[in-house]
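In: only geometry, no sequence info:
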Ligand SMILES: *Cc1c(COP(=O)(O)O)cnc(C)c1O
């Protein structure tokens, strides 16, 4: 239900800000080739899954897990070369976005670009934060000067920056991001690095240098573990301590933690798959380069935008070929655009054939 006006007889205690926000815009479509959620097209390797199941069997299920997933946080800290006091783990990084908006957005400001990841804006609106969005530059780069003006002008709050950017796949230089951090003052600056493995910058160096900065990472994309629901923040100890207060106690299941410990001890598969996705991205984009009416826009992520003369027609055409992608043509500056995930080589072949068949 996405109704935004109060229904007759609807409960009255619901805050208007919540009622005014539409439900998360996603409806599943059952087709064989799923390129609509930027997932890894490959499942967690079977032998690691077996190890994880064994580990799950060994856990007591009657006991609560660690208060703050402490053991898992220690494994993440080791993997990332980070101080464990600066690691905060939650069931998906979208939970962290809600908590960061609670931490620094409520009664203050959420600042981001437009277009942007919809969770930043939905949470800002539901939690009653003041939301300010600055349009991306035409080439999808960060509007650094205009963001700096807003950082000056608004009260402090939280600034969300996505690198690589979603849904464009654009990456900015470290120097450009650093300009924002230098201007941020008291603002909390979130670098959402959901796709960092596929290209661009590694935000850890910046986060080390700026106590108000924080990196968000997830197991949902390159790790191929979206079904487990896990993400984490890397920050300085103080910011992490404040953020941790907002995380509900005992929030990570022992089963998820067991599986993630196996993944973190065997991360080699991630690199192989990222390399394949990057190579496939190049191959798909090259294969579509001579299309007379569509344009595959450059990307440094595991998805790219396909600009079409008629997004609705291409979307329907791809579904007829068993492929689902994500419409983005309603977003600012993305007229005609579909977001296409990189699949397996065989799936990408079907995609190329289908796009080439509609001229
Ligand atoms: C996919 C994605 C995430 C990850 O969300 P999870 O809740 O960890 O699955 C975060 N940020 C962006 C921009 C994403 O696209």
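Out: Cool, got the structure. Fair warning: this is a prediction, and the values are worked out from it, not measured in the lab.
In: okay, and for the protein, where does confidence drop off?
Out: Where the chain drops to pLDDT under 70, the residues are 1-8.
In: mind giving me the domain split of this structure?
Out: 26-44+269-357, 46-265 (automatic domain parsing).
In: residue contacts, whatever residue of the chain ends up closest to the ligand?
Out: Nearest residue of the chain to the ligand, counting by C-beta to the nearest ligand atom: residue 92, 2.9 Å away. From N, CA and C alone the C-beta is placed, and that goes for glycine too. For residue 92, the contacting residues are 218, 220, 229, 230, 231, by C-beta atoms under 8 Å, 6 or more residues apart in numbering.
In: The stretch 1-150 of the chain: strands as residue ranges?
Out: Secondary structure of the stretch 1-150 of the chain (DSSP state E, counting those that start in this stretch): strands at 33-34, 87-90, 109-114, 130-135.
In: Pick the most buried one from those.
Out: Comparing the strands of the stretch 1-150 of the chain by mean neighbour count (mean count of other C-beta atoms under 10 Å), strand 87-90 comes out on top with a mean of 27.
In: That one pairs with which strands?
Out: strand 231-235 (antiparallel) (DSSP bridges).
In: The strand it pairs with and the ligand in contact?
Out: Yes - figure legend: strand 231-235 in contact with the ligand (C-beta under 6 Å from any ligand atom); contacting residues residue 231.
In: starting at the chain centroid, how far to that strand?
Out: What separates the centre of strand 231-235 from the centre of its chain is 13 Å, taken as C-alpha atoms, centre = their mean, to the nearest Å.
In: Same question for stretch 53-61.
Out: 29 Å.
In: What are the buried residues along that stretch?
Out: Residues of stretch 53-61 classed as buried under the neighbour-count rule (16 or more other C-beta atoms under 10 Å) are 55, 56.
In: Could you list the residues in contact with it?
Out: Looking at what lies outside stretch 53-61 - C-beta under 8 Å, 6+ apart - the contacts are 254, 255, 258, 259, 261, 262.
In: Out of those, which sit inside helices?
Out: 254, 255, 258, 259, 261, 262 (DSSP state H).
In: didn't the fifth one look like it was pressed against residue 73?
Out: No - with contacts counted by C-beta atoms under 8 Å, residue 261 stays clear of residue 73, the gap being 11.0 Å.
In: more crowded one of the two?
Out: residue 73 (23 against 18; other C-beta atoms under 10 Å).
In: Excluding sequence neighbours, find me the nearest residue to the more buried one.
Out: residue 87 (4.3 Å; C-beta to C-beta, 6 or more residues apart in numbering).
In: Over to residue 67?
Out: residue 249 (5.7 Å).
In: Now name the helix or strand holding that neighbour.
Out: Element membership for residue 249, per DSSP states H and E: none, as it lies in no helix or strand.
In: returning to that earlier point: the ones in helices among the contacts of stretch 53-61: which two are farthest apart?
Out: 254 and 262 (13.1 Å; C-beta to C-beta).
In: what residues does the stretch 101-250 of the chain put near the ligand?
Out: Residues of the stretch 101-250 of the chain lying near the ligand (C-beta under 6 Å from any ligand atom): 117, 162, 166, 192, 194, 218, 220, 221, 226, 231.
In: From the residues you listed, pick the one nearest residue 291.
Out: Of those, the one sitting nearest to residue 291 (C-beta to C-beta) turns out to be residue 166, at 23.5 Å.
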